[in-house]
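In: no sequence for this one, just the structure:
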């Protein structure tokens, strides 16, 4: 007997051990072999109970071969043990190569008898008949050959062969996870029956089903009190008998109920069928309500499902309205409203997109499946990126492009340096501010960035939370790096504008020129055209956070320029302090954008009037109707 390539030389696997067998007893059983090195019975790590298998190691492969020949199928503590080569490679154990499944075996056939039946077809690594707890054969087993050719020869010769008074089945072993088969040609012997009256006994059922053929087993499921659960199983000896019984008995009146009889299915097969049915039903629902379901976001936390339904009910008949919530029942700020017709859904989108609801502008659009939305964004991005994507701009730490206005139409290019932080007054959503404006300060005397480490550290330590966003508290200083080489261009700034900007700390946004390339690439006119929402969303979906802020700034600048041409840079810089999601709401809602721009204008106007007196800029200028939180 040769050692199989996948086996470990001189190491044997011993299975079907008695639960009470000790390591010393197993050692004594193999002590006849002089090169015996070690024995070990595998046990449960928590309970210490035997797993009924172990390993025996020899110094000589010849003793290992002789141990298999002598000890395989021998009796140890009243149980027939199996001895085979140890295969430590899990892939070799789970490959199923050469593994044969045998069923319909006579009760008299044991492990040794099964091996004698198949050994003429090739070298057998293992043979096993599955036994019940009382030591009786369950009528099926497994034979593992060393090669696939030997297994195929055994299947061809012995499948359907009569052994005693039974016709055995021999076929390739199939993993449990791959045994799902529900085709019309599937052969089965086990039937499932339900809708049984509680008083129907197994004796009555056996009488009804025995007319179709020989019954191997019949059982009715019962609870702990011995009462029937209303279902059971009947297993026939012949597949044709089982099929006939199912066709005849299914739908038959038995007692007071209509009997249901079908092929018994494995759990994995039932799960697969139920999953397929669920997917089909879900696809039907998607097609049925396609175009009728709308997506609503930026919903106030206090709005309920009923409130959302009432708000949209003016547009038509609503079949469902739901706000999505987390595990704690807190609103996630978005939800869905389904109408009876697509026309009603379109009316809701046109009527309520950007509509102020509980002090917040709603975002309303037709709902899409996640897969469809991602595919659409990727397609749009692929189509537009060639014409729309300009050269990427270096981003100064803090999220601001390295461009600063020195005068109208004059742009200073400040190359980013290590440690350069351009931080205007940290005015988060709605430009809420605390503290006084910093004193006037000149940045034209030094070519190096003027940033105070102490102020920066204090700024980080004083960060708070307001409406879910970070807010800077306390005095904050901002500086703009301007090298001496650019002092000539700075002379174009009026002293009043320079003083105001330095004292109030207001940020100016300077477009990088990217929007002109975007207009050229997309065919938009330079007179103020802007990208559509689909193109904008697709660009944002494939951009980094820094690039997203830049894209939004370019888009927002063009819109603000239509409203306040002379202050577009300053107002855009103020708006860019808001989160990207809030900026999208402003871009898609002209009314909200106009109101916000007007408020920014008033802030600038008031700050210029108060700058001489070092007055504090307060945050109470915001109105609830345009706050985007």
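Out: Noted; the coordinates are in hand. Please read all numbers here as calculations on a predicted model, not as lab measurements.
In: can you pull the pLDDT of the closest residue to residue 263 other than its chain neighbours?
Out: Spatial nearest neighbour of residue 263, chain neighbours left out: residue 188 (4.9 Å); criterion: CB to CB, 6 or more residues apart in numbering. For the C-beta atoms, the positions are set from N, CA and C on the backbone; glycine is no exception. pLDDT, residue 188: 84.
In: count the residues that sit near residue 188.
Out: 17 (other CB atoms under 10 Å).
In: I figured it was touching residue 264, is that so?
Out: Yes - contact criterion CB atoms under 8 Å: residue 188 and residue 264 qualify, at 7.2 Å.
In: mind listing what residue 200 touches?
Out: By CB atoms under 8 Å, 6 or more residues apart in numbering, residue 200 lies in contact with 220, 228, 254-255.
In: helix or strand: which one has it?
Out: Under the criterion DSSP states H and E, no helix or strand holds residue 200.
In: and it, how close does it get to residue 264?
Out: In this view, residue 200 and residue 264 are 18 Å apart by CB to CB, to the nearest Å.
In: for residue 71, which non-adjacent residue is spatially closest?
Out: Per CB to CB, 6+ apart, closest to residue 71 is residue 83, 4.8 Å.
In: angles on the backbone of residue 299, please.
Out: Taking degrees, to the nearest 10, you get phi -90, psi 140 for the backbone angles of residue 299.
In: burial measure for the nearest residue to it once chain neighbours are set aside, as a count.
Out: With CB to CB, 6+ apart as the criterion, residue 299 has its nearest non-adjacent residue at 5.4 Å, and that residue is residue 333. Neighbour count for residue 333, taken as other CB under 10 Å: 19.
In: residue 333: which element?
Out: Here residue 333 is assigned to strand 331-339, by DSSP H and E.
In: could you give the angle of the helix or strand following that strand to strand 331-339?
Out: Proceeding N to C from strand 331-339, the next assigned helix or strand is helix 342-352, under DSSP H and E. Relative orientation of helix 342-352 and strand 331-339, computed by axes from the mean of the first three to the mean of the last three CA atoms, to 10 degrees: 140 degrees.
In: contact partners of helix 342-352?
Out: Helix 342-352 has contacts (CB under 8 Å, 6+ apart) with 290-294, 296, 311-312, 314-317, 337-339, 362, 364-366.
In: how near is residue 592 to residue 277?
Out: For residue 592, the distance to residue 277 - CB to CB - is 46 Å.
In: neighbour count for these two, which is higher?
Out: Each of residue 592 and residue 277 has its neighbours counted (other CB under 10 Å); residue 592 has more, 22 against 10.
In: distance of the more buried one relative to residue 35?
Out: For residue 592, the distance to residue 35 - CB to CB - is 87 Å.
In: likewise for residue 358?
Out: For residue 358, the distance to residue 35 - CB to CB - is 85 Å.
In: in contact with residue 339, which residues?
Out: 292-294, 315-319, 345, 348.
In: one more time with 10 Å
Out: If a contact means CB atoms under 10 Å, 6 or more residues apart in numbering, then residue 339 has 289, 291-294, 312-313, 315-321, 345-348 as its contacts.
In: what about these, which are in strands?
Out: If you go by DSSP state E, the contacts of residue 339 have 293-294, 318-321 in strands.
In: for those, give me CSV that also has neighbour count.
Out: As requested, the ones in strands among the contacts of residue 339 are exported to CSV (neighbours: other CB atoms under 10 Å):
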residue, neighbour count
293, 19
294, 25
318, 19
319, 12
320, 12
321, 22
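In: from those residues, pick the one nearest residue 563.
Out: residue 294 (29.3 Å; CB to CB).
In: pLDDT wise, what is that closest one at?
Out: Turning to residue 294, the model gives it a pLDDT of 92.
In: quick check: bridge partners of it?
Out: Per DSSP bridges, the residues bridged to residue 294 are residue 337, residue 366.
In: ok, now how distant is it from residue 108?
Out: For residue 294 relative to residue 108 (CB to CB), the value is 72 Å.
In: then residue 123?
Out: In terms of CB to CB, residue 123 sits 25 Å off from residue 108.
In: what of residue 380?
Out: From residue 380 over to residue 108 (counting by CB to CB), the distance is 73 Å.
In: have a look at the two and say which one is more surrounded.
Out: Neighbours were counted for residue 380 and for residue 108 using other CB under 10 Å; residue 380 has more, 19 against 9.
In: give me the below-cutoff pLDDT ranges for the stretch 301-450 of the chain.
Out: 384-450 (pLDDT under 70).
In: ranges for the strands of it?
Out: With strands called from DSSP state E, counting those that start in this stretch, the stretch 301-450 of the chain shows them at 318-325, 331-339, 356-357, 360-361, 363-366, 403-407, 410-413.
In: pick the most buried one from those.
Out: Each of these was scored by mean neighbour count; the highest is strand 360-361, a mean of 24, by mean count of other CB atoms under 10 Å.
In: that strand pairs with which strands?
Out: strand 356-357 (antiparallel).
In: just checking, residue 116 touches residue 72?
Out: No - the criterion here is CB atoms under 10 Å, and residue 116 misses it with residue 72 at 11.9 Å.
In: between the two, who's got more neighbours?
Out: Neighbour totals were compared for residue 116 and residue 72, and residue 72 leads with 20 against 14 (other CB under 10 Å).
In: give me the nearest residue to that one, chain neighbours excluded.
Out: Counting by CB to CB, 6+ apart, residue 72 lies nearest to residue 83, which is 4.2 Å off, once chain neighbours are set aside.
In: surely that neighbour touches residue 69?
Out: Yes - assessed by CB under 10 Å, residue 83 is found in contact with residue 69 at 9.0 Å.
In: looking at the two, which one has more neighbours?
Out: In this view residue 83 and residue 69 are compared by other CB under 10 Å, and residue 83 has more residues nearby, 21 against 9.
In: ranges for the helices of the stretch 51-200 of the chain?
Out: Assigned by DSSP state H, counting those that start in this stretch, the stretch 51-200 of the chain shows helices spanning 61-71, 90-94, 111-118, 148-158.
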